[in-house]
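Enquirer: Turn this into a structure:
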Amino acid sequence: MLPLVDFSALMSDLEQFWHNESITVPHLVRIAISHYQFETIHPFLDGNGRIGRLLIPLYLVSNKLLAKPSLYLSDFFERNRTSYYDALMQVRVTNHMIHWVRFFLSGVAETATKGRDVFRQILTLRTDVEQAVLGLGKRTPNARQVLNLLYRTPLISASDIEKALHVSAPTANALIRDLTRLGILVETTGQQRWRTYAFDRYLALFLS
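Expert: The predicted structure is shown next:
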C-alpha cells in the first residue's frame, strides 16, 4: 500500500517558503523552485498545471514585480513541453535543480521579450488606426470610442456598439461600415444578418 501524503502540510511548507525572507534568493529563482515544488506535490486531481502556471504571475504581482498578471509562461512551456517535463524530472531523479532554474529563467526572458515586442506593435497599431479615423469627420469621436472598445473586445457586432456607445442602430451600422472600409474591422461570419466583426490586425499580434 502506498503511504498517505499529507498535502496540507506540503502546501503549508510551500507557502512558508514563499514568505520566508530569511531565504535570500531572487524572486524569479524562488518562484522557479516554487513551481517545481507545486507540480511535484500535485495537490489536486485535475488542473495542477494550470494552477501552477497561474501562481507565477500572481506571485510576481504580490511581490510588486509586476503591476498586472501579464507574464504568462504557458505558451513557452507548451512549445517546449518535452524539455519542460524533462527538466522537472531531472530534479526529481537527480536533485539537479540548476538545470530546471535555467530552463525556467530562459522561459521568463523569452516571454518577457515577446510581451515587450507585442506591446510596441500595439502602440504602432494604435497610432495607425487613430490616424485612419481622423478622416471620418463628425463620426470621428464615435469611431475613436469604438477603437477603445475593440482593445477590450476585439470581436464585435453592431448591437455591441449600440449598447456600449448608446447610439442608434443606423449609427452603429455606419460606424461598422466606416471601420470595415478602412480595413480596421473584418466581417467574420459571411452572413447577411447577425454579423460579427474582428479587429483582425490586433488579434494577429497575439497569434504570431
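
Enquirer: Tell me, what's the model's pLDDT at the spatially closest residue to residue 53 that is not a sequence neighbour?
Expert: Distances taken as Cβ to Cβ, 6 or more residues apart in numbering place residue 74 nearest to residue 53, at 5.1 Å, with adjacent residues excluded. Backbone N, C-alpha and C define where each C-beta goes, glycine included. The model reports residue 74 with a pLDDT of 92.

Enquirer: So what's the residue count around residue 74?
Expert: 14 (other Cβ atoms under 10 Å).

Enquirer: Residue 102 now?
Expert: 12.

Enquirer: For it, pull up the helix or strand it's in.
Expert: helix 97-133 (DSSP states H and E).

Enquirer: Against which helices or strands is that helix packed?
Expert: helix 27-41, helix 74-79, helix 81-94, helix 140-152, helix 200-207 (3 or more Cβ pairs under 8 Å, 6 or more residues apart in numbering; DSSP states H and E).

Enquirer: buried ones in it?
Expert: Neighbour-count burial for helix 97-133 flags 100, 101, 103, 104, 107, 108, 111, 121, 125, 129, 132, 133 (criterion: 16 or more other Cβ atoms under 10 Å).

Enquirer: and the residues you listed as a markdown table, adding pLDDT?
Expert: Output for the buried residues of helix 97-133, formatted as a markdown table (pLDDT from 0 to 100):
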| residue | pLDDT |
| --- | --- |
| 100 | 96 |
| 101 | 96 |
| 103 | 97 |
| 104 | 97 |
| 107 | 97 |
| 108 | 96 |
| 111 | 94 |
| 121 | 96 |
| 125 | 97 |
| 129 | 97 |
| 132 | 96 |
| 133 | 96 |
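
Enquirer: Turn those residues into a markdown table, columns for distance to residue 152.
Expert: Conversion of those to a markdown table gives the following (distance: Cβ to Cβ, whole Å):
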| residue | distance to residue 152 |
| --- | --- |
| 100 | 37 |
| 101 | 36 |
| 103 | 34 |
| 104 | 31 |
| 107 | 28 |
| 108 | 27 |
| 111 | 23 |
| 121 | 18 |
| 125 | 15 |
| 129 | 15 |
| 132 | 19 |
| 133 | 17 |
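
Enquirer: on that earlier part again, hey, which of the helices and strands packed on helix 97-133 is tucked in deepest?
Expert: Mean neighbours per residue, mean count of other Cβ atoms under 10 Å, is largest over the helices and strands packed on helix 97-133 for helix 27-41, with a mean of 18.

Enquirer: That helix versus helix 97-133: what angle between them?
Expert: For helix 27-41 against helix 97-133, the angle by axes from the mean of the first three to the mean of the last three Cα atoms, to 10 degrees is 110 degrees.

Enquirer: could the helices and strands packed on helix 97-133 be laid out in a markdown table, adding distance to residue 47?
Expert: What follows is the helices and strands packed on helix 97-133, written out as a markdown table (distance: least, Cβ to Cβ, whole Å):
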| stretch | distance to residue 47 |
| --- | --- |
| helix 27-41 | 12 |
| helix 74-79 | 13 |
| helix 81-94 | 17 |
| helix 140-152 | 27 |
| helix 200-207 | 23 |
